[in-house]
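*Asks:* Provided below for reference: sequence and predicted model.
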Amino acid sequence: MIDDPAAAGVSLDPVRARLLAVLAEPGSATTLAAQVGLSRQKVNYHLRALERHGLVELVEERRKGNVTERIVRATAASYVISPAALASVAPDPGRAPDQLSARWLLALAARLVREVGELLTRSAKARQRLATFAVDGEIRFASAADRAAFAEELGASVNHLVAKYHDEKAAGGRPHRLIVALHPSLTRAADEPAPDPAQGPTAPTEE
């Protein structure tokens, strides 16, 4: 989880994002240069920037004659930029809550990323497993009326479960965050390639 604005900026550079992907396995500037098509000097420059922000770490140093080869790797298998990296402009779910607002849904999702990212960091330091649960699925509605009826029934079911299991006075109880979301699936034309994360975002269409 990247929550430092400077580190976020470094990771979003297309060349550095590609290096991070390659560095899932340890490598040196020399081996990386051949993989990404850059000079060793340019690769070294980018690696130093990534290392300064904790995105790359030194694995070992190998002596070859008068040259010391540094072997590095990415500090994680994957990265997510936390909304905390843009704290001053991050969406606030406490502002104008509206169950039918896409912007409010986005604010909730941003809070989810931020909070779960922080919990993952804490659990890793404590060497404890983080207890979470998620459901991901897709449903095709025959009509807008069916979608509205589904949302109403889903809301009632969730409220029933919350009322059944919520215990405000439970000794030793721990609060949990619950988010239920419904939004249109993204669709792409059959000949449209999936976006390359290293090349920046594209403009998807909605179903």
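*Replies:* Done, it's in.
*Asks:* Apart from its chain neighbours, what residue comes closest to residue 162?
*Replies:* Distances taken as Cβ to Cβ, 6 or more residues apart in numbering place residue 178 nearest to residue 162, at 7.1 Å, with adjacent residues excluded. C-betas here are computed from N, CA, C, even on glycine.
*Asks:* which regions of this structure sit below the pLDDT cut-off?
*Replies:* Scanning the chain for pLDDT under 70 picks out 188-207.
*Asks:* Would you map the helices across this structure?
*Replies:* Applying DSSP state H to the chain gives helices spanning 5-12, 14-22, 29-36, 40-52, 102-126, 144-165.
*Asks:* And for the residue nearest to residue 80 when sequence neighbours are not counted, the neighbour number?
*Replies:* Leaving aside its sequence neighbours, residue 80 sits nearest to residue 1 (Cβ to Cβ, 6+ apart; 5.6 Å). By other Cβ atoms under 10 Å, the residues close to residue 1 number 17.
*Asks:* Give the burial count for residue 173, as a bare number.
*Replies:* Other residues lying near residue 173 total 10 when counted by other Cβ under 10 Å.
*Asks:* wait, I meant residue 31
*Replies:* Residue 31: 16 neighbours (other Cβ under 10 Å).
*Asks:* And it, how far from residue 19?
*Replies:* Residue 31 sits 11 Å away from residue 19, going by Cβ to Cβ, to the nearest Å.
*Asks:* repeat for residue 10
*Replies:* Distance from residue 10 to residue 19, by Cβ to Cβ: 11 Å.
*Asks:* Pull the contacting residues for the spatially most central residue of the chain.
*Replies:* Closest residue to the average C-alpha location of the chain: residue 80 at 2.9 Å, with Cα atoms, centre = their mean. The contact partners of residue 80, by Cβ atoms under 8 Å, 6 or more residues apart in numbering, come to 1, 2, 113, 117.
*Asks:* out of everything not next to it in sequence, what's closest to residue 106?
*Replies:* Per Cβ to Cβ, 6+ apart, closest to residue 106 is residue 91, 5.8 Å.
*Asks:* go on, residue 70?
*Replies:* Among residues not flanking residue 70 along the chain, residue 61 sits closest, at 5.6 Å (Cβ to Cβ, 6+ apart).
*Asks:* burial count for that neighbour?
*Replies:* Residues lying near residue 61 (other Cβ under 10 Å) number 11.
*Asks:* do residue 16 as well
*Replies:* Per other Cβ under 10 Å, the neighbour tally for residue 16 reads 20.
*Asks:* for residue 47, same thing?
*Replies:* Residue 47 has 22 neighbours, counted by other Cβ under 10 Å.
*Asks:* now the one 5 residues further on
*Replies:* Using other Cβ under 10 Å, residue 52 has 12 other residues around it.
*Asks:* contacting residues for the residue lying closest to it once chain neighbours are set aside?
*Replies:* Leaving out its chain neighbours, the residue that sits closest to residue 52 by Cβ to Cβ, 6+ apart is residue 10, at 8.0 Å. Applying Cβ under 8 Å, 6+ apart, we find residue 10 in contact with 16, 49, 50, 52, 53, 55.
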